[in-house]
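S.K.: With the input below, show me the fold.
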Amino acid sequence: MSTKAERDYTKLLDEEWSMLLEKLKTIKGIYIGSEAGCRRFVEGVLWILRSGAQWRLLPAERGAWNSIFKRFSRWSQVGVWNYVHELLSQRADLQEVSIDGTVIRAHACAAGAASSNAEAEALGKSRGGFSCKIHAVVDALGLPLKFILTGGQTAEITQAIPLMSGIKTGACLADKGYDADGFVEWLKAAGIEVIIPPKSNRKEPRACDYSRYKERHVVECMFGKLKYFRRIATRYEKKAINFMGLLALAAIMLWVR
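M.R.: Next up, the predicted model:
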């Protein structure tokens, strides 16, 4: 087995697999089969996630690429990856949270999902071209709690309330792009301290704790870590549900490591 000193990041350490398997066993209605076979499947998906390669280029020793893709897609459809992510994030440090968004360039092969359209698959055009945007909220330690996908042209503020809904925290840190009266009032009504710098053109100036605001860097660091997974750094998936599955698996790896 690999150790942290000689790490193959497309494979799971025993303690990581144990943690993941424990969560998978709580999900009803999915086929796990043998533990060794399930681990091989997850590591096959992880190889794709880390390498950014096409599914059909999956090495033969990792398994039959088409079988692994179909199983991965089924698990994405029923929300397995998202559910495991939610279970792991129950350990979050919610003293404060940070929110932000990042644009992901979409490859040409991400277009053309059958019986769908770009808007339905969270694809659009921004200044960076054909793209997708990941909106995220992280805990005080920079671990991801929730994601929302939209087209690349969508403004972050439009997803601010959906991102924060259901999250009980002491404070919300965000850049001035989130300085909108509606969102600020929503946070205050929820009893969440607002740590968002005011825009320069604000008619009514608003105070901000800039010392605490510096802690917002954790969400930027989280995006940086996500983009080490090359299948996240560039979007190849036609279906948003499959891209979200890979995103949730990347988040799971941040939590178990």
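S.K.: Mean pLDDT per element in the chain, and the minimum belongs to which helix or strand?
M.R.: strand 124-126 (a mean of 91; mean pLDDT, DSSP states H and E).
S.K.: what comes up buried for whatever helix or strand comes next after it?
M.R.: Proceeding N to C from strand 124-126, the next assigned helix or strand is strand 129-138, under DSSP states H and E. By neighbour count on 16 or more other C-beta atoms under 10 Å, the buried set for strand 129-138 is 130, 131, 132, 133, 134, 135, 136, 137, 138. In short, each C-beta sits where N, CA and C put it, glycine included.
S.K.: for those residues, which one is nearest residue 174?
M.R.: Of all the buried residues of strand 129-138, residue 137 has the smallest distance to residue 174: 9.4 Å, by C-beta to C-beta.
S.K.: Report the beta-bridge partners for that closest one.
M.R.: Beta-bridge pairing of residue 137 under DSSP bridges involves residue 99, residue 146.
S.K.: How about the contacts made by it?
M.R.: Residues near residue 137 by C-beta atoms under 8 Å, 6 or more residues apart in numbering: 97, 98, 99, 144, 145, 146, 163, 164, 167, 219.
S.K.: next one: residue 106
M.R.: Contacts for residue 106 (C-beta under 8 Å, 6+ apart) come out as 123, 130, 131, 132, 152, 234, 235, 236.
S.K.: from these, which two are the most distant?
M.R.: Top of the distance list for these (C-beta to C-beta): 152 and 236, 15.1 Å.
S.K.: one step back: in a markdown table, list the contacts of residue 106 along with distance to residue 201.
M.R.: A markdown table is the format used below for these (distance: C-beta to C-beta, whole Å):
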| residue | distance to residue 201 |
| --- | --- |
| 123 | 32 |
| 130 | 32 |
| 131 | 27 |
| 132 | 30 |
| 152 | 25 |
| 234 | 35 |
| 235 | 34 |
| 236 | 40 |
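S.K.: in this protein, which ranges drop under the pLDDT threshold?
M.R.: Within the chain, the ranges that satisfy pLDDT under 70 run 1-5.
S.K.: show me where the protein has helices.
M.R.: In the chain, the helices defined using DSSP state H lie at 14-24, 35-51, 65-78, 80-88, 160-164, 181-189, 210-213, 217-226, 230-233, 240-256.
S.K.: ranking the ones you listed by burial, who's on top?
M.R.: Mean neighbours per residue, mean count of other C-beta atoms under 10 Å, is largest over the helices of the chain for helix 240-256, with a mean of 22.
S.K.: Could you list every helix and strand that that one packs against?
M.R.: Packing contacts for helix 240-256, counted by 3 or more C-beta pairs under 8 Å, 6 or more residues apart in numbering; DSSP states H and E, involve helix 14-24, helix 35-51, helix 65-78, helix 80-88, strand 129-138, strand 144-151, helix 217-226, helix 230-233.
S.K.: just so I know, which of these lies nearest residue 257?
M.R.: helix 14-24 (6.8 Å).
S.K.: Other residues contacting the closest one?
M.R.: By C-beta under 8 Å, 6+ apart, the list of residues contacting helix 14-24 reads 1, 12, 30, 32, 35, 38-39, 42, 80, 83-84, 87-88, 252-253, 256-257.
S.K.: Which strands and helices lie in contact with the least confident helix or strand of the chain?
M.R.: Using 3+ C-beta pairs under 8 Å, 6+ apart: strand 124-126 touches strand 129-138, strand 144-151.
S.K.: So in that sheet, which strands flank it, and in what orientation?
M.R.: strand 129-138 (antiparallel).
S.K.: Give me the angle between the partner strand and helix 217-226.
M.R.: 130 degrees (axes from the mean of the first three to the mean of the last three C-alpha atoms, to 10 degrees).
S.K.: returning to that earlier point: so what's the gap between the least confident helix or strand of the chain and the chain middle?
M.R.: The chain centroid and the centroid of strand 124-126 are separated by 19 Å under C-alpha atoms, centre = their mean, to the nearest Å.
S.K.: Output the helices and strands packed on helix 240-256 in JSON lines; the columns should cover distance to residue 107.
M.R.: Formatted as JSON lines, these follow (distance: least, C-beta to C-beta, whole Å):
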{"stretch": "helix 14-24", "distance to residue 107": "28"}
{"stretch": "helix 35-51", "distance to residue 107": "14"}
{"stretch": "helix 65-78", "distance to residue 107": "17"}
{"stretch": "helix 80-88", "distance to residue 107": "21"}
{"stretch": "strand 129-138", "distance to residue 107": "8"}
{"stretch": "strand 144-151", "distance to residue 107": "15"}
{"stretch": "helix 217-226", "distance to residue 107": "17"}
{"stretch": "helix 230-233", "distance to residue 107": "10"}
